[in-house]
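> sequence first, then the predicted structure:
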Amino acid sequence: MSQYISVFDMLKIGVGPSSSHTLGPWRAAQQWIHKLKGQQLFKKLDRIQVDLYGSLSLTGKGHATDLAILLGLSDADPEYIPIEDIFIIVERINIQEEIYFKGGKIIPFYKNSIVFNREFLPFHANGITFRGFSNEEEISIETYFSIGGGFIVQENDTLEDDIEINKKNFPYPINRAIQLEEYCEKENLLISDIVFKNELELRSAEEIDHELKRIWDTMVESMYLGCHTSGTLPGGLNVKRRAFDTHQKLIKDTSYTNPEEWITAIRSSEVKFREILKWVSCLALSVNEVNASLGRVVTAPTNGSAGVIPAVLMYYMVIENHEADFSHVKRFLLTAGEIGSIFKKNATISAAMGGCQAEIGVSSAMAAAALTEMLGGSVAQCLSAAEIAMEHHLGMTCDPIGGLVQVPCIERNSMGAIKAIHAAEIALETNPKECLVSLDKVIDTMWETAKDMNKNYKETSEGGLAVTVRLADC
């Protein structure tokens, strides 16, 4: 029996640049401190050591894993912390070599308190071990694994504390795409309708709307911020922010004062094929430029792929349907979230396990299915769109230069968004019964591809562009 994965698990508000390497370790550090407090060990704690393994170690510096650990141990919340406070907290810890905990406790934390180990732990490529000491006696050791999308687990975790998918807990238990299609056909409902009914088992309709609105607002804010911020990205590659210049050329001299007026302004802009391509690209780039600078974005399903879904949803709102409102946003996000959850249950959304096909590929499939529903496609066409989008991302490697979520990651969001739109259009002109490849089959293929892929191409920066283009070349 599979675990139920909510839309709000797949679409989480957090801080960049990486859901698996930043948000996951951040949450793991928080969870460990909370566990120590529950075990009455926190008061005894006087020294901490953190060991990073595998991909977390190999690309940890570029992905700000070390910063995330400092913030998590400090119990800052990635969903709500003011972005400017991040650098204040990190700088204070690095200078004073102490962590200040809530309640006044202070523990020394030196630069060598975080150890980068190249070896991989057997359970997952992203391993992190926290060790707590009292008078040099080890009083706690816990290992967590960041499995993508901000999800963290421990090796001995079971489903006992999770909600299982079954008829008792949910009206429409879904593990595979074929089940989702069967429910929709039987009940004559859209994908978003089925997902909403399942979500009602966990939250009220008002809570669902509130959280989806908060997610969309965060997406809009990240696009808006990215389009209005110039300069270069941090990290040493000196990557120029491109969304700013592209946006200026597209928006021209239109005036507006806030994101809502901005959306109206975009709707009134010139609509030609090249301009549409530029807008979609600009919006996707803008989100991931914010992500690369430790800004706040929505994991969709990961931080590295955070720009695809906002760009495609905005495309629908400013190009396809100028009357679109929150009801359309809601349907889009519900559908996208469910497609993502099916990928996570049957394959992976972690680049450390499956390469970039697991991030950009999945996000493109999520967006393609959601857009197809918005454009009036059948449920079968929605699933076909997701399959088409993923099919043309199969085998995509994860090879970030310098371990930074910048090159080629940012551009890949633009390409993933365009592919999602194209996949939706192909699906809308296709009879799904004539398709040779189902969504479930392409998910299975993606997982087999992930297992066959050389580890150098799984977010280790030991292959591909990360090797042929060195920091020294930039």
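Okay, I see it. Numbering: from 1, shown residues only.

> what ranges of the stretch 101-250 of the chain fall below the confidence cut-off?
158-168 (pLDDT under 70).

> where do the strands sit along it?
Under the criterion DSSP state E, counting those that start in this stretch, the stretch 101-250 of the chain contains strands at 106-108, 114-117, 126-134, 137-148, 151-153.

> can I get the CA coordinates of the longest one in PDB?
What follows is strand 137-148, C-alpha atoms only, in PDB (Å, rounded to 0.1, in the frame of the first residue of the first chain):
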ATOM      1  CA  GLU A 137      30.200  11.500  24.900                       C
ATOM      2  CA  GLU A 138      28.000  10.800  21.900                       C
ATOM      3  CA  ILE A 139      24.400  11.100  23.100                       C
ATOM      4  CA  SER A 140      22.600  11.100  19.700                       C
ATOM      5  CA  ILE A 141      23.300   9.900  16.200                       C
ATOM      6  CA  GLU A 142      20.600  10.200  13.500                       C
ATOM      7  CA  THR A 143      20.900   9.700   9.800                       C
ATOM      8  CA  TYR A 144      18.400  11.300   7.400                       C
ATOM      9  CA  PHE A 145      18.000  11.000   3.600                       C
ATOM     10  CA  SER A 146      16.900  13.900   1.400                       C
ATOM     11  CA  ILE A 147      15.000  12.100  -1.300                       C
ATOM     12  CA  GLY A 148      13.900  15.000  -3.500                       C
END
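
> adjust the sequence numbering to begin at 220 for everything that follows.
Taking 220 as the first residue, the last one we looked at is strand 356-367.

> buried set for that strand?
Ile358, Ser359, Thr362, Tyr363, Phe364, Ser365, Ile366, Gly367 (16 or more other C-beta atoms under 10 Å). C-beta coordinates here come from the backbone N, C-alpha and C atoms, glycine included.

> between those residues, which is closest to Met615?
Nearest to Met615 among the buried residues of strand 356-367 is Gly367, at 14.9 Å by C-beta to C-beta.

> wait, that closest one sits on Gly574?
No - in this structure Gly367 lies outside contact range of Gly574 using C-beta atoms under 8 Å: 11.6 Å.

> okay, and the common contacts of those two?
Residues touching both Gly367 and Gly574 by C-beta atoms under 8 Å, 6 or more residues apart in numbering: none at all.

> distance to Ile393 for the strands of the stretch 320-469 of the chain - can I get that in a markdown table?
Shown next, in a markdown table, are these (distance: least, C-beta to C-beta, whole Å):
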| stretch | distance to Ile393 |
| --- | --- |
| strand 325-327 | 45 |
| strand 333-336 | 38 |
| strand 345-353 | 26 |
| strand 356-367 | 19 |
| strand 370-372 | 18 |
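
> what about the helices in the stretch 370-519 of the chain?
Per DSSP state H, counting those that start in this stretch, the stretch 370-519 of the chain carries helices over the ranges 396-406, 410-418, 424-446, 462-470, 478-486, 492-511.

> and these: which comes nearest Glu610?
Set against Glu610 and scored by C-beta to C-beta, the helices of the stretch 370-519 of the chain come closest in helix 396-406, at 13.6 Å.

> could you export that closest one as CSV, CA atoms only?
The C-alpha trace of helix 396-406 is given here as CSV (Å, rounded to 0.1, in the frame of the first residue of the first chain):
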residue,chain,number,x,y,z
ALA,A,396,-2.1,6.8,-13.8
ILE,A,397,-4.4,4.1,-15.1
GLN,A,398,-6.3,4.2,-11.8
LEU,A,399,-6.7,8.0,-12.0
GLU,A,400,-8.1,7.6,-15.5
GLU,A,401,-10.5,4.9,-14.5
TYR,A,402,-11.9,7.0,-11.6
CYS,A,403,-12.4,10.0,-13.9
GLU,A,404,-14.2,8.0,-16.5
LYS,A,405,-16.4,6.2,-14.0
GLU,A,406,-17.4,9.3,-12.1
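
> same for that helix, what does it pack against?
helix 410-418, helix 545-565, helix 598-610, helix 658-671 (3 or more C-beta pairs under 8 Å, 6 or more residues apart in numbering; DSSP states H and E).

> end to end, how far does stretch 479-492 reach?
Using C-alpha to C-alpha, to the nearest Å, one end of stretch 479-492 lies 24 Å from the other.

> coming back round to it: which of the helices of the stretch 370-519 of the chain sits most buried?
Mean neighbours per residue, mean count of other C-beta atoms under 10 Å, is largest over the helices of the stretch 370-519 of the chain for helix 492-511, with a mean of 24.

> give the rounded mean pLDDT of it.
What helix 492-511 shows for mean pLDDT is 97.

> quick one: closest of the helices of the stretch 370-519 of the chain to Glu648.
helix 492-511 (17.4 Å).

> and the angle for that closest one with helix 462-470?
150 degrees (axes from the mean of the first three to the mean of the last three C-alpha atoms, to 10 degrees).

> now do helix 492-511: distance to the chain's middle.
17 Å (C-alpha atoms, centre = their mean, to the nearest Å).

> which elements pack onto that helix?
Checking 3+ C-beta pairs under 8 Å, 6+ apart, helix 492-511 ends up next to helix 424-446, helix 462-470, strand 515-518, helix 527-534, helix 628-647.

> tell me the contacts of the nearest residue to Asp304 once chain neighbours are set aside?
Nearest-residue entry for Asp304: Ala295, 7.2 Å, with adjacent residues in sequence omitted and distances by C-beta to C-beta, 6 or more residues apart in numbering. By C-beta under 8 Å, 6+ apart, the contact list for Ala295 reads Asp304, Ile305, Ile308.

> closest to Gly526 out of these?
Ile305 (20.5 Å).

> secondary structure class for that closest one?
The assignment at Ile305 comes out as helix when based on DSSP: H, G, I helix; E, B strand; the rest coil.

> and for the residue nearest to it when sequence neighbours are not counted, the neighbour number?
Distance criterion C-beta to C-beta, 6+ apart; nearest residue to Ile305, sequence neighbours excluded, is Leu513 at 6.0 Å. Other residues within reach of Leu513 by the criterion other C-beta atoms under 10 Å amount to 19.
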